[in-house]
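Engineer: Task: produce atomic coordinates for the following.
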Amino acid sequence: MRNVTIAEQGDMVAPSQEYVFTGWNTKENGSGDTYRPKDLLGFNQFSGDSLTLYAQWRKNPAYDYSTITYNPNGGNGSVVTKRYKTNSPIYIRNQGFSRPGYNLIGWSTKDGATDGEEEYATGVKIPVNNQTLYAVWNEKLGADVISPNVLTDKTDAGSKTVISPNKEDAVVKPSSVVNVNEKGQLVGKANVGDWNGNTDEERTFNIPVVVTLNVTRPNGNSTNESITLNVPVTVQRDTDGNGIPDVDDDDSDNDGIPDSKDKNPKTPDSDLGVNESDSHLNPAQYVQESNPSSPRQDALPKTGDSRNYLPLAGIIFLLSSLTMLVMGKKENEDEET
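Structural biologist: You can find the predicted model right below:
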């Protein structure tokens, strides 16, 4: 028996263009004896009449590719798989994924990952090695505006909560005199200085409130969010400052005359009356005039007022004396008879 020369690849076709032929092995998995093409195999190097050799293949470095897969993980968009040379560095990019009301804050190799489980930020560089990246989402900053909010002019607003952010670390920036503080509470004192006329009794204002949230994430994308909300506040006029809004006060200026009868209901005045012809009446007389069943006291003579009443008293006294004299004379005549 003579020696045998180990064959080359010849017409054998690689499993794919990514693989190249490397030689032969007595085991299919490459764990046996290895032989190179053109090696000389002596007849005494194997037993029996034949020797089975298995072709061995390895990836061609020029065609050594791996994939990276992007999964929206609850967001809008389809799974995207991209192919790169194995271990080549690539930048992680958003693949057009979105989720209404949420921010994309990073990526994780964990399926179903949530806020706090991000491993990579968008834009960082990683080596490709057949990995899947799952998008990690965080709810956007938001806040509820609580209304209605009605204040009486020149009174303290108290501390009613009117802004309720959805994030504990959100910061509320205070606004004007009547404003919303950092706790989202309405504070300050209402003070409208330009009430106009008798019918201007309510004003509605929109107080702009800015809510911000800055979050730093070591393994994900940091976020800086800011929203502006309008808090509606209605201020009601209180002319006399008694704490009762004019819309609920029958006597806005507290002068004793009901607003429905007062020609100037927002201005206390000693000359106020029902109409122009009655403007000479003082409030006490007005009350009598407005109640016809009550007798007019000013029609009676007043103490110390002697106008035309003294002569009348004398005449009455004289008539009484004459009457008594006549009656006395008549009694005497009857006795004599």
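
Engineer: Tell me how many other residues surround the closest residue to V180 other than its chain neighbours.
Structural biologist: In space, and not counting its chain neighbours, V180 is closest to V209: 4.7 Å by C-beta to C-beta, 6 or more residues apart in numbering. C-betas here are computed from N, CA, C, even on glycine. Using other C-beta atoms under 10 Å, V209 has 23 other residues around it.

Engineer: Could you measure from V209 over to N191?
Structural biologist: Distance, V209 to N191, using C-beta to C-beta, to the nearest Å: 19 Å.

Engineer: so the residue nearest to V180 touches P232, yeah?
Structural biologist: No: at 11.2 Å, V209 does not count as touching P232 under the criterion of C-beta atoms under 8 Å.

Engineer: ok, N87 to Y134 distance?
Structural biologist: 21 Å.

Engineer: Once you drop chain neighbours, what's closest to I6?
Structural biologist: D39 (4.2 Å).

Engineer: G158 too?
Structural biologist: G158 sits nearest to L186 (C-beta to C-beta, 6+ apart), 7.0 Å away.

Engineer: Identify the residues contacting stretch 92-103?
Structural biologist: 70, 72, 74-77, 80, 104, 107, 120-126, 133, 135, 137-140, 142, 221, 223, 225 (C-beta atoms under 8 Å, 6 or more residues apart in numbering).

Engineer: Phi and psi next, for the residue nearest to G158.
Structural biologist: phi -80, psi 120 (degrees, to the nearest 10).

Engineer: quick one: contacts for it?
Structural biologist: So L186 contacts 149, 151, 157-162, 178-180, 231, 233 (C-beta under 8 Å, 6+ apart).

Engineer: So which of the residues you listed sits lowest on pLDDT?
Structural biologist: Least confident entry in these, by pLDDT: V178, with 73.

Engineer: list the contacts for that residue?
Structural biologist: Per C-beta under 8 Å, 6+ apart, neighbours of V178: 151, 157, 186-191, 205, 207, 233, 235.

Engineer: Just confirm T228 contacts T212, I think it does.
Structural biologist: No: between T228 and T212 there is no contact under C-beta under 8 Å: 9.9 Å.

Engineer: Could you export the helix or strand W107 falls within as PDB, CA atoms only?
Structural biologist: Element membership for W107 (DSSP states H and E) is strand 102-108. The C-alpha trace of strand 102-108 is given here as PDB (Å, rounded to 0.1, in the frame of the first residue of the first chain):
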ATOM      1  CA  TYR A 102     -43.900  58.800  27.000                       C
ATOM      2  CA  ASN A 103     -40.200  59.600  26.600                       C
ATOM      3  CA  LEU A 104     -37.700  57.100  25.200                       C
ATOM      4  CA  ILE A 105     -35.000  57.100  27.900                       C
ATOM      5  CA  GLY A 106     -32.700  54.200  26.800                       C
ATOM      6  CA  TRP A 107     -32.300  50.600  25.900                       C
ATOM      7  CA  SER A 108     -32.000  47.300  27.700                       C
END
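
Engineer: what's downstream of that strand, the next helix or strand?
Structural biologist: strand 125-127.

Engineer: and stretch 67-81, which residues are buried?
Structural biologist: By neighbour count on 16 or more other C-beta atoms under 10 Å, the buried set for stretch 67-81 is 68, 70-73, 75, 77.
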